[in-house]
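J.: need a structure here:
(2 chains)
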Amino acid sequence: MDLSDLIEVPAIMPALKANSKKQVLQLLAEKAARITGLPEREIFDTVLRREKLGSTGVGNGIAIPHGKIPGIRRIAGVFARLEQPVDFDSLDDQPVDLVFLLLAPEGAGADHLKALSRIARVLRDADTVAKIRGTSDAAAIHAFLSQTPASHAA
Amino acid sequence: MVDAIYIVTLVSMLLVLLATFSSLIAFRFGAPLLLLFLAIGLIAGVDGLGIAFDNGPAAYFVGSLALALILFDSGFGTSIHAFRQAAGPAVVAATIGVLITAGLVGAAAHYILGVTLMEGLLLGAIVASTDAAAVFFLLRVGGINIRDRVRSTLEVESGSNDPMAIFLTIVLVQIISSGGGFESLSVAVLLLFFKQMFLGVLFGMAGGLMIVGLVNRLRMERGLTPIFVLALSLLVFSLAGAVGGSGFLAVYVAGLSAGNGSIRSEGTIRRFLEGVSWLSQIIMFLLLGLLATPSQFASIALPAAGIAFFLIFVARPVAVWVSLLPFNYQRAETGFIAWVGLRGAVSILLAILPVLYRLDHGMLYFNTAFIVVLISLVVQGWTINPVARRLGLVVPPRIGPVDKVELELPGTAHHELLAYRVVADSPVARGVRLPRWARPSLVIREGKSMRYQFAGRLRAGDYVYLFISQRYPRLLDRLFASPAPVAEDDVEFFGAFAIDPTRPVTELQAAYGPELEPGEEDKTIAELMRDRLGGRAEYADRVAFGPVELIVRDVDEEGRIVSVGISLAPEQPKAQIPLFLNLRDMRDLLARAFGRKKAEAREQEAKAGHEEPEPAGADDEPSKADAEHPL
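T.: Numbering: from 1, shown residues only, chains lettered A, B, ... in the order given. Sure, this is the predicted structure:
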């Protein structure tokens, strides 16, 4: 199981500079807007609304903000590797430096959730995460995300 | 005669020692310890080493006292919190459930053994109760955390169903021995039942109060207190029995009431009772093993095994299912409770009664019950852990290991002295201060003692002594615990994301789109979860909510949900049982069946109106990938 069908190389920001959770979300929304052609504001608001429900920081410096947006054609992801970790109100209070934003169409239902849990699973693999942290090359990050973590047979 | 003292003592102590040693084996292999005790008795008995013991009345007498003590201890060790949590379902299971079990097994025995229906019922009553000792032991020693509600239900049920089975058996034995038939099962029996149980509860409550009152008032020598309690408990047992109440129920209730009544030297009493309970079990099982004549088993083995499997796979599950129907247990929970229906010493003990009353084929009951118990201990006792795991009822530990010693303070029942060893990475070792109510008094570091105020930051390996009023130790445990290791399983268990339980459910709906029932829109997530859980949320409870599942990650001291996880790809419970639907399941099923019809009708209308537009091509790619890698 890999993530190559959720994200493409241009959607990866390998060395993003941001000072706060809000700014990270803003920059991700901006990128997502360019890829999907949807208004940036709408994406940002959707994701922010989800954050109000509870931080999507899942621990170990990783966050997976997400939301459903009417009008988007298909499930789309944007990934950022931050130069400096920012506070994300994560459960383990660790600052976050790897962020995967996932947007899904209004009616995606189960596919949206499946995609999310796949992302969570891939980013739970310590090996993959270490490799991503060690590079600032978008294509390399895409390759790591697309690798199937060896040890997990689900 | 003088020589006989030595010989008898020598042999019995050797047996007891052997039984004690066998616990080492049991802990290592997870074998049901009680089975080993029974086996030792069998091996030493008439067909093994040749100890001929056939004194049924003596065995019944000693066994009854032993059972009374075991029941007192299990009542004493049950917290009132656990009792409240499980009282309703457990009491229904202990009464109606026992009746159903007895009835079903009775019918089966009637067909399998060819005895009369009345005699079958007697056999059913004999094997109708679960064994408190066996259930307690296996749940505690298993080394796994089983969800609170399930565990409490099992413990309270097993403690309280013995009196019912005993009552039924005695009534049936008396009817059969006086040659009566079904017409004897009249209103009088029902009245007798209520009288017995009422007096039992009454004497039990009064007895518990009396025990607490006397122990707290009379400043007795510390070493004598437990003996005093023991004698009082048997006094309650015998008094209740003598006036026509259920002594066994009385002694259990007395234990429950005394154990929760802030009694002085509670720790000493508890430890003493634990020892007494062990000794009672060993004696009871050894004695019953000795009493049996295994060479007679062969002739009855097959039909008895048939009854045992009928009990395990049909009678007990049906009885549990019906009893728990009104209480909204999840299917996996009901299934597990049905499985942990271990039979034990009580059944064998009761099987002596038909022999004592010289009923026709009295030994048939005894041998059959014995085989049923053996099979139940092996089949169910040995498989509790794997079954609990498969059903997803094992809860990851809330906190890591704690290293502490509790010391009771003379003269008060309300405070205790705790000694914690500071473990590396525990919150206190990372600099969290102790709350002032904990009264940290002394720190011992590298053999030197110092006042807490001057000790500075606690280090791993320090011993901290604190005086504390008994209400809080759980909070302290958290501070002194090493961090609980978060395993891969735990993420699955507690869900990938955390959500704030105080947010309105509508936000959850906006993010994940589960359907809300009317009236649920203005609730918070915590309220919704509590409602769907039937009013009480508990650590690790799960609530299916449309496509996602909400998981209680933590509750506070008052039972409010303070932390919730959300699982996005809820795994089907590892083993989906098609049985044990509770009332809510049934209602949902019905609603869905009707709902589907309505939806179809609506669709028909819609189609007639206009063609549905093709849904946006959202689901083409991911679904293919998922098909190759099922989650």
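J.: what mean pLDDT would you report for the helix ranked longest in chain A?
T.: Within chain A, and with DSSP state H defining each element, the longest helix by residue count is helix A:21-36. The average pLDDT for helix A:21-36 rounds to 90.
J.: where's residue B:286, which helix or strand?
T.: In this structure, residue B:286 is located in helix B:266-291 according to DSSP states H and E.
J.: buried ones in stretch A:86-100?
T.: By neighbour count on 16 or more other CB atoms under 10 Å in any protein chain shown, the buried set for stretch A:86-100 is A:86, A:88, A:90, A:91, A:96, A:97, A:98, A:99, A:100. Any C-beta I mention is one placed from the backbone N, CA and C, and that applies to glycine too.
J.: My error: substitute stretch A:21-38 in the last question.
T.: For stretch A:21-38, a neighbour-count test (16+ other CB under 10 Å) marks A:21, A:24-29, A:31-33, A:35-36, A:38 as buried.
J.: want to throw these into TSV with distance to chain B?
T.: Formatted as TSV, the entries for the buried residues of stretch A:21-38 read as follows, by distance: CB to the nearest CB, whole Å:
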residue	distance to chain B
A:21	15
A:24	17
A:25	15
A:26	19
A:27	21
A:28	17
A:29	16
A:31	21
A:32	16
A:33	19
A:35	16
A:36	13
A:38	13
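J.: closest to residue B:375 among those residues?
T.: Here the nearest of the buried residues of stretch A:21-38 to residue B:375, counting by CB to CB, is residue A:21; it sits at 60.6 Å.
J.: so the nearest residue to that closest one once chain neighbours are set aside, which of the three states?
T.: With CB to CB, 6 or more residues apart in numbering or on different chains as the criterion, residue A:21 has its nearest non-adjacent residue at 5.1 Å, and that residue is residue A:88. When the structure is reduced to helix, strand and coil (DSSP: H, G, I helix; E, B strand; the rest coil), residue A:88 reads as coil.
J.: do the same with residue B:416
T.: For residue B:416, the assignment made with three-state DSSP gives strand.
J.: Do I have it right that it meets residue B:468?
T.: Yes: counting by CB atoms under 8 Å, residue B:416 touches residue B:468, with 6.3 Å between them.
J.: Would you point out which residue of chain A is nearest chain B?
T.: Scanning chain A for the residue nearest chain B gives residue A:54, at 3.6 Å (criterion: CB to the nearest CB).
J.: isn't that residue right up against residue B:502?
T.: No: counting by CB under 8 Å, residue A:54 sits too far from residue B:502 to count as a contact (10.1 Å).
J.: In terms of packing, which of those two has more residues around it?
T.: residue A:54 (23 against 13; other CB atoms under 10 Å in any protein chain shown).
J.: secondary structure class for that one?
T.: Note that with three-state DSSP, the state of residue A:54 is coil.
J.: Quick check: phi and psi at it.
T.: Backbone torsions for residue A:54, taken as degrees, to the nearest 10, come to phi 150, psi 140.
J.: Pull up the gap between it and residue A:105, please.
T.: 23 Å (CB to CB, to the nearest Å).
J.: Run the chain-centre distance for the longest helix of chain A.
T.: Taking CA atoms, centre = their mean, to the nearest Å, the mean C-alpha location of helix A:21-36 is offset from the chain mean by 11 Å.
J.: One more: stretch A:53-68?
T.: Worked out by CA atoms, centre = their mean, stretch A:53-68 lies 8 Å from the chain centre.
J.: and it, C-alpha only, in CSV?
T.: Extracted as CSV, the C-alpha positions of stretch A:53-68 are listed here (Å, rounded to 0.1, in the frame of the first residue of the first chain):
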residue,chain,number,x,y,z
LEU,A,53,-12.4,19.4,16.7
GLY,A,54,-9.0,18.3,17.9
SER,A,55,-5.5,18.6,16.6
THR,A,56,-4.6,16.4,13.7
GLY,A,57,-1.1,16.1,15.1
VAL,A,58,-0.8,12.4,15.6
GLY,A,59,2.5,12.5,17.5
ASN,A,60,6.1,12.0,16.7
GLY,A,61,6.3,15.3,14.8
ILE,A,62,3.6,14.3,12.3
ALA,A,63,0.3,16.0,11.4
ILE,A,64,-2.3,15.0,8.9
PRO,A,65,-4.8,17.9,8.6
HIS,A,66,-7.7,16.9,6.4
GLY,A,67,-11.2,17.9,5.3
LYS,A,68,-14.0,17.5,2.8
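J.: Local confidence estimate at the residue nearest in space to the middle of chain A?
T.: To find the centre residue of chain A, average its C-alpha atoms and take the closest one (CA atoms, centre = their mean): that gives residue A:100, at 0.7 Å. In the predicted model, residue A:100 carries a pLDDT score of 92.
J.: ditto for residue B:195
T.: Residue B:195 is assigned 92 on the pLDDT scale.
J.: Contacts only, for the closest residue to it other than its chain neighbours.
T.: Residue nearest to residue B:195 in three dimensions, not counting chain neighbours: residue B:244, with 6.4 Å by CB to CB, 6+ apart. Listed by CB atoms under 8 Å, 6 or more residues apart in numbering or on different chains, the contact partners of residue B:244 are B:195, B:196, B:199.
J.: Quick one, which of those are buried?
T.: Those of the contacts of residue B:244 that meet the buried threshold are B:196, B:199, by 16+ other CB under 10 Å.
J.: Adding distance to residue B:237 and secondary structure as columns, could you present the contacts of residue B:244 in TSV?
T.: Formatted as TSV, the entries for these read as follows, by distance: CB to CB, whole Å; DSSP: H, G, I helix; E, B strand; the rest coil:
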residue	distance to residue B:237	secondary structure
B:195	17	helix
B:196	13	helix
B:199	12	helix
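J.: Would you reformat the contacts of residue B:244 as JSON lines and include distance to residue B:498?
T.: What follows is the contacts of residue B:244, written out as JSON lines (distance: CB to CB, whole Å):
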{"residue": "B:195", "distance to residue B:498": "55"}
{"residue": "B:196", "distance to residue B:498": "52"}
{"residue": "B:199", "distance to residue B:498": "52"}
